[in-house]
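Asks: No sequence on hand, only this structure:
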Ligand SMILES: Cc1cc2nc3c(=O)[nH]c(=O)nc-3n(C[C@H](O)[C@H](O)[C@H](O)COP(=O)(O)OP(=O)(O)OC[C@H]3O[C@@H](n4cnc5c(N)ncnc54)[C@H](O)[C@@H]3O)c2cc1C
């Protein structure tokens, strides 16, 4: 054990949907620390709009969702991973419903209990959503749950700087022992020791000048992992949305993909084409 200020069974770096849902699952049998480098809810999860896809409609099938995903993934996806994710979609949605996420209900009495959007690349209606702020609803529900959990300790405005590996301490074993963490309030670097450390730090969208990603998306976890000797893969795969509001003086924001799914068309402006769209 390290001579540290904090010791937990599990250290989760990141408080988006991935970090918080893992924290809730593990906290049943272990003590968990969750770090976020800004306020707890500030991350890509909070800004997600359109919704989450899963095979929820009776006319839809797992096979159809798998084939749609492989097709729009230009056959670059790993089929076994695609199938695993698709097959576990319904139970993941059910888990979110069970912890209190309030998805939009279907106003039509004969349809599925929840309203399902259709989005780009999908051959069926399978996007469950909470109006047009699905991520906010999911993140706020997770926040409510983790704040109430006795086994979870939250550290907001705490930036993970580097992993503590056994090698860095001069030991021969290959193990991660925790992380060095910068406390933005005290301006001190603290030692967080843990039996297991999880990087759930989100993406690196802020490498682009214009992005719908929030400011925290600076790829810290990827750099931290690389410095600790982990393999990093698939960095060339970045999602570019075709619809985003651009204004030179304002922060760009996404215009939901659900818009096109429901029939909206992308048109060149009248000035450029000379034709009315
Ligand atoms: C505008 C927008 C719309 C989207 N719409 C959809 C959608 O409709 N459907 C869909 O499926 N997906 C959508 N996405 C993608 C989806 O939001 C993300 O894939 C998902 O939320 C990522 O979750 P996460 O937990 O991995 O990361 P995030 O939610 O980004 O959380 C990252 C966490 O890591 C923490 N962190 C980062 N670095 C450090 C550090 N050094 N130290 C401590 N903490 C750190 C942050 O503070 C934050 O808590 C959208 C994304 C955006 C930006």
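Replies: Sure, I can see it. Only a predicted model underlies this, so the values are computations on that prediction, with no experimental measurement involved.
Asks: Which residue is it, in this structure, that comes closest to the ligand?
Replies: Among the residues of the chain, residue 16 lies nearest to the ligand; the distance is 2.1 Å by CB to the nearest ligand atom. Backbone N, C-alpha and C define where each C-beta goes, glycine included.
Asks: contacting residues around that residue?
Replies: Counting by CB atoms under 8 Å, 6 or more residues apart in numbering, residue 16 makes contact with 43, 44, 45, 46, 139, 200, 202.
Asks: Over to residue 161?
Replies: Contacts for residue 161 were tallied using CB under 8 Å, 6+ apart; they are 179, 180, 181, 182, 189, 224.
Asks: Would you mind measuring from it to residue 184?
Replies: 12 Å (CB to CB, to the nearest Å).
Asks: The nearest residue to residue 201 once chain neighbours are set aside - how many residues pack around it?
Replies: Using CB to CB, 6 or more residues apart in numbering and skipping the chain neighbours, the partner closest in space to residue 201 is residue 221 (2.9 Å). Residues near residue 221, counting by other CB atoms under 10 Å, number 21.
Asks: what do you get for residue 92?
Replies: Per other CB under 10 Å, the neighbour tally for residue 92 reads 13.
Asks: got it, and residue 50?
Replies: Look at residue 50: counted by other CB under 10 Å, it has 22 neighbours.
Asks: So it sits against residue 260, correct?
Replies: No: at 9.9 Å, residue 50 and residue 260 do not qualify as touching, with contact defined as CB atoms under 8 Å.
Asks: which residues are in contact with both of these two?
Replies: Common neighbours of residue 50 and residue 260 (criterion: CB under 8 Å, 6+ apart): residue 119.
Asks: Next to the ligand, which bits of the stretch 51-200 of the chain? Give me the list.
Replies: Neighbours of the ligand within the stretch 51-200 of the chain, by CB under 6 Å from any ligand atom: 51, 52, 134, 135, 159, 160, 200.
Asks: Next up, the contacts around the nearest residue to the second one once chain neighbours are set aside.
Replies: I take that to be residue 52. In space, and not counting its chain neighbours, residue 52 is closest to residue 128: 5.7 Å by CB to CB, 6+ apart. In this structure, residue 128 makes contact with 51, 52, 53, 54, 56, 93, 103, 114, 115, 116, 134, judged by CB under 8 Å, 6+ apart.
Asks: please redo it, this time with the cut-off set to 10 Å
Replies: Contacts for residue 128 were tallied using CB atoms under 10 Å, 6 or more residues apart in numbering; they are 51-54, 56, 89-90, 93, 96-97, 101, 103-104, 112-117, 134.
Asks: Please apply the same query to residue 24.
Replies: 32, 95, 99, 142, 145, 146, 149, 151, 152 are the contacts of residue 24 under CB under 10 Å, 6+ apart.
Asks: The helix or strand containing it: which residues count as buried?
Replies: Assessed by DSSP states H and E, residue 24 sits inside helix 17-26. For helix 17-26, burial by neighbour count (16 or more other CB atoms under 10 Å) applies to 17, 18, 19, 20, 21, 22, 23, 24, 26.
Asks: can you list those in TSV and add pLDDT?
Replies: Output for the buried residues of helix 17-26, formatted as TSV (pLDDT from 0 to 100):
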residue	pLDDT
17	98
18	98
19	98
20	98
21	98
22	98
23	98
24	98
26	98
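Asks: for the closest residue to residue 101 other than its chain neighbours, helix, strand, or coil?
Replies: Leaving aside its sequence neighbours, residue 101 sits nearest to residue 141 (CB to CB, 6+ apart; 4.7 Å). Classification of residue 141 by DSSP: H, G, I helix; E, B strand; the rest coil places it in helix.
Asks: what's the first-to-last distance across stretch 105-122?
Replies: With CA to CA, to the nearest Å as the measure, the first residue of stretch 105-122 is 20 Å from its last.
Asks: got the residue ranges for the strands in this structure?
Replies: 6-13, 32-35, 52-53, 116-117, 127-128, 152-155, 158-165, 176-183, 188-199, 244-245, 253-254 (DSSP state E).
Asks: This completes my enquiry, with thanks.
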